[in-house]
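>>> sequence and predicted structure are below.
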Amino acid sequence: MAQDDLKRAAAEAALKYVEDNTWLGVGTGSTVDFFIEALAEKRKAFIKGAVSSSERTTKLLKKVGIEVEELNNAGDLSVYIDGADEVTEHGAMIKGGGGALTREKIVAAAARKFVCIADGSKLKPVLGDFPVPIEVIPMARSFVARAIVRLGGYPEWRSGFTTDNGNVILDVHGWTLLNPVEMEAKLNQIPGIVTVGIFAQRGADVILLGEKNGVRTLTPGTF
């Protein structure tokens, strides 16, 4: 099966986690695009609408006729559906390849359940093959980069890219995240960092992996 077919299968499997008459959190990325398509076809009449994690996703949701609400007005969310650049069986993820990590982390924190949708290639025994995106206040870019080097990382400025929040991204190479919760906590203490693309302190509750033999479901903490 083509990778897009695997992504689509995982995205469609997430529809069963969408609760009626609630606000749904929706992430950003190519697998989420398939989810929005499936949601519009089969489930949009059953939900109040969506809280979006990016301007890109907001445009897609509105294009298919799904109402988009601000998180401040929607309150707590029943479920958040999003992809990952990497995910472990324990639910820890690297996210932010598309640059939407700050809003993704906020919406994920506001949801009672986080459902991660991905093709099977995103499942890793240890995080770190994919560089860790870190959103940084522009004036602190060099300061934060030096702090990251002291933690053993190799930061690369994502030149020419600005987040929806007006900040910059450092993509950090060279880390093998044996303890992603600890590294996330350390990075959160560095002044100038807005959000770290390690999602481990609040990881996925359900992982849906599109594989050639179907969609595999992992529920971290229960296996």
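Arrived safely.
>>> with only the CA atoms kept, save whatever helix or strand residue 207 lives in in CSV.
In this structure, residue 207 sits in strand 206-211 according to DSSP states H and E. This file holds the C-alpha atoms of strand 206-211, laid out as CSV (Å, rounded to 0.1, in the frame of the first residue of the first chain):
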residue,chain,number,x,y,z
VAL,A,206,-4.5,6.1,21.7
ILE,A,207,-2.2,5.4,18.7
LEU,A,208,-3.7,4.4,15.4
LEU,A,209,-1.1,3.1,13.0
GLY,A,210,-1.9,2.5,9.3
GLU,A,211,-0.1,-0.7,8.2
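>>> now the next helix or strand after that strand: buried residues?
Heading C-terminal from strand 206-211, the first helix or strand you meet, by DSSP H and E, is strand 214-218. For strand 214-218, the neighbour count (16 or more other C-beta atoms under 10 Å) marks 215, 218 as buried. C-betas here are computed from N, CA, C, even on glycine.
>>> what is the strand ranked longest in the chain packed up against?
Taking DSSP state E as the criterion, the chain has its longest strand at strand 111-119. Packed against strand 111-119 by the contact rule (3 or more C-beta pairs under 8 Å, 6 or more residues apart in numbering; DSSP states H and E) you find helix 3-13, helix 30-42, strand 77-82, strand 206-211.
>>> packed most tightly, which of the ones you listed would that be?
Among the helices and strands packed on strand 111-119, the stretch with the highest mean neighbour count (mean count of other C-beta atoms under 10 Å) is strand 77-82, at a mean of 24.
>>> before I go, just wanted to say thanks for your time.
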